[in-house]
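Trainee: Got a predicted structure here, sequence first:
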Amino acid sequence: MPHFLTLAGLSARTLTELLDASAAYKRARPHGAAPWLAGKHVALVMEKASTRTRVGFEVAVHELGGHATVITGSGSQLARGEPVEDTARVLGRFCHGIVFRTFGDDRLQTMATHAGVPVINALPDREHPCQILADLLTVREHLGTVDVRYAWIGAGNNVAVSWLHAAAAFGLTLTLACPDGYHPDPDVVADARAAGASIEIVADPVAAARGADVLRTDVWASMGQEEEARARAQAFAGYLVDDGLFLHASGRAIALHCLPAHRGEEIAASVLDGPRGAAIWDQAENRMHTHKAILELAFTGGARGPA
Ligand code: CP
Ligand code: NVA
């Protein structure tokens, strides 16, 4: 079953195919692509809040000729304790694919094991592979190549883990500035280094930003960590991506953020709403184009782009 659950272990070739297909889908809009999802139904199961992932997949499925059904956590029997495996079995009989945003990685794996149809990872607590494809496409559009110098400023969270997977695939140079206690999973870091990526973890955001072409950040408290927000705000004081931090980056540096953002916490309003942050809005748009390529990979085993 060609699920799309992680970037771990994917080759640079596969990721490049996905990026090429995404760019082709983007060029094909608004005239559209062959409706190869016609007659197919995709369930979007969102146990956590979502704007970009949910709407990006809804529009992508629609534009490919298919039909998307959205189930939110609170609006389904999952919230009342129906086991994921039972939900998976039933949705797999109705639908041809499932996009799943959930909490524990075990819930995602259980959905994939029992659905009998392709399952796409839409952000559990551990990874966010769909997001990173949009990030990479945006970097390629703005800087011409994904082979640039990256700085991650903030928590070693789900998005950072998927960035480490991408760094492993492409052999990228990525410096992460994370406070003590908020480093990414050391096994993921070790795997990325073993695969040839150049990964450094530092405490000082300025050290990470020095010479970087991309300053990438994310919220300090992810969904499900709301009770830690106050403690995290203290730990992350000084981890603001602002114009001062950009003085240390390369002259062509761009900011990236998966959104939603908190202006004045992890990113300054002057960056998010200014020229350095312009790429962030392309990054958000690119969610939808990359979703089409991901759907094609999961449904057909290859991402070729619009016919
Ligand atoms: N970046 C992202 O995944 O956004 P949503 O939470 O709005 O889907
Ligand atoms: N790290 C964030 C990403 C949201 C798109 C979270 O998990 O809430």
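Mentor: That came through, no problem. Ligands and ions are numbered 1, 2, ... in the order given.

Trainee: give me the number of residues near residue 103?
Mentor: Neighbourhood size, residue 103 [other CB atoms under 10 Å]: 16. Placement of C-beta: from N, CA and C, glycine included.

Trainee: and what of residue 250?
Mentor: Neighbour count of residue 250, defined by other CB under 10 Å: 17.

Trainee: right, and it touches residue 149 too?
Mentor: Yes - if you go by CB atoms under 8 Å, residue 250 and residue 149 touch, sitting 7.1 Å apart.

Trainee: Between these two, which contacts overlap?
Mentor: With contacts defined as CB atoms under 8 Å, 6 or more residues apart in numbering, the residues shared by residue 250 and residue 149 are 211-213.

Trainee: could the residues you listed go into JSON lines alongside secondary structure?
Mentor: Shown next, in JSON lines, are the shared contacts of residue 250 and residue 149 (DSSP: H, G, I helix; E, B strand; the rest coil):
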{"residue": "211", "secondary structure": "coil"}
{"residue": "212", "secondary structure": "coil"}
{"residue": "213", "secondary structure": "coil"}
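
Trainee: Top of those by number of neighbours, please.
Mentor: residue 212 (24 neighbours).

Trainee: From ligand 2, how far out is that residue?
Mentor: Going from residue 212 to ligand 2 by CB to the nearest ligand atom, to the nearest Å gives 20 Å.

Trainee: What distance do you get for that residue to residue 197?
Mentor: 15 Å (CB to CB, to the nearest Å).

Trainee: thinking again about what came up before, nearest to residue 73 among the shared contacts of residue 250 and residue 149?
Mentor: residue 212 (36.7 Å; CB to CB).

Trainee: which residue sits closest to that closest one, ignoring its sequence neighbours?
Mentor: residue 151 (3.8 Å; CB to CB, 6 or more residues apart in numbering).

Trainee: In contact with that neighbour, which residues?
Mentor: Residue 151 neighbours (CB under 8 Å, 6+ apart): 174-177, 205, 208-209, 212, 214-216, 249.

Trainee: Dihedrals phi and psi, it?
Mentor: phi -120, psi 130 (degrees, to the nearest 10).

Trainee: so residue 152, which of the three states?
Mentor: strand.

Trainee: Start the count at 57 instead of 1 going forward.
Mentor: New numbering, starting at 57: the last item is residue 208.

Trainee: Give me the three-state assignment for residue 116.
Mentor: Classified using three-state DSSP, residue 116 is helix.

Trainee: I'd like the distance between it and residue 343.
Mentor: From residue 116 to residue 343 the distance is 9 Å (CB to CB).

Trainee: sorry, back to before: out of the contacts of residue 207, list just those in helices.
Mentor: 261, 264-265 (DSSP state H).

Trainee: okay, residue 86: pLDDT?
Mentor: Residue 86 carries a pLDDT score of 76 in this model.

Trainee: same question, residue 57
Mentor: Looking at residue 57, its pLDDT is 58.

Trainee: on that earlier part again, how about TSV for the ones in helices among the contacts of residue 207, with distance to residue 358 added?
Mentor: Converted to TSV, these look like this (distance: CB to CB, whole Å):
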residue	distance to residue 358
261	40
264	36
265	38
